[in-house]
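Asks: Make a model of this:
(one chain, ligands or ions: 1)
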Amino acid sequence: MPSMMLTDQHRVLVTESFALLVPISDDAAAVFYQQLWTIAPETKPMFQSTDMAAQGLKLMQTLGVIVRALHDLETIRPFMRELGQRHIGYGVTADQYVLVKVALLYMIEYCLGDKFTPEVRAAWDEAYDMLASFAIAAYE
Ligand code: HEM
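Replies: Take a look at the predicted model:
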């Protein structure tokens, strides 16, 4: 059961660590999708007609929008709900969101190395659970 409690420290750590990913966005996105397809091969066909360079850019840009709005839940909640609504259309199920969390944490660890401290991991874990719960609300 996630605690659903995003503290100011979580927000700071997510913001600072995301800034380190921005200059290496293309590689970060590639690592993310490779890892998603490794841990969950059933997700690969979902992207079979997707331009993955464009998709990677959209993912990283959207993460940027989310990270910048983390202080404002009233913006984030409807934004994520609409993203969740679109994902219903892509055939994504609510139980697949945890796969994306695992791949995302792996990608951040891979890209940050020693800077991926337990505190940074906990901050992303907490932030993702909150965001995913807003997206999954669209499924109910
Ligand atoms: C919080 C989690 C997630 C974020 C931030 C995210 C982000 C995005 C973004 C920005 C797009 C581009 C289109 C749009 O904005 O609607 C997209 C499309 C897509 N996402 Fe996600 N996503 C998430 C979760 C998932 C999950 C759990 C899956 C399941 C494997 C998934 C699979 C897809 C697919 C299949 C597309 C469509 C690709 C296409 O257009 O060909 N996403 N996602």
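
Asks: For the ligand, see how far away the nearest residue to His71 once chain neighbours are set aside is.
Replies: Leaving aside its chain neighbours, His71 sits nearest to Arg11 (6.2 Å; criterion: Cβ to Cβ, 6 or more residues apart in numbering). For the C-beta atoms, the positions are set from N, CA and C on the backbone; glycine is no exception. In this view, Arg11 and the ligand are 17 Å apart by Cβ to the nearest ligand atom, to the nearest Å.

Asks: and if you look at Gln35?
Replies: 12 Å.

Asks: Same question for Pro118.
Replies: Pro118 is 22 Å from the ligand, by Cβ to the nearest ligand atom.

Asks: And for His10?
Replies: 16 Å.

Asks: ok, now Val92?
Replies: In terms of Cβ to the nearest ligand atom, Val92 sits 4 Å off from the ligand.

Asks: how about that residue, secondary structure?
Replies: Secondary structure, DSSP: H, G, I helix; E, B strand; the rest coil: Val92 is coil.

Asks: For it, give me its contacts.
Replies: Met46 (Cβ atoms under 8 Å, 6 or more residues apart in numbering).

Asks: okay, it: pLDDT?
Replies: Per-residue confidence (pLDDT) for Val92: 98.

Asks: Backbone dihedrals for it, both of them.
Replies: phi -80, psi 130 (degrees, to the nearest 10).

Asks: next one: Ala29
Replies: Phi and psi for Ala29, reported as degrees, to the nearest 10, are phi -60, psi -40.

Asks: got the phi/psi numbers for the residue lying closest to it once chain neighbours are set aside?
Replies: The shortest distance from Ala29 to any non-neighbouring residue, by Cβ to Cβ, 6+ apart, is to Gly56 (2.9 Å). When quoted as degrees, to the nearest 10, the phi and psi of Gly56 stand at phi -60, psi -40.
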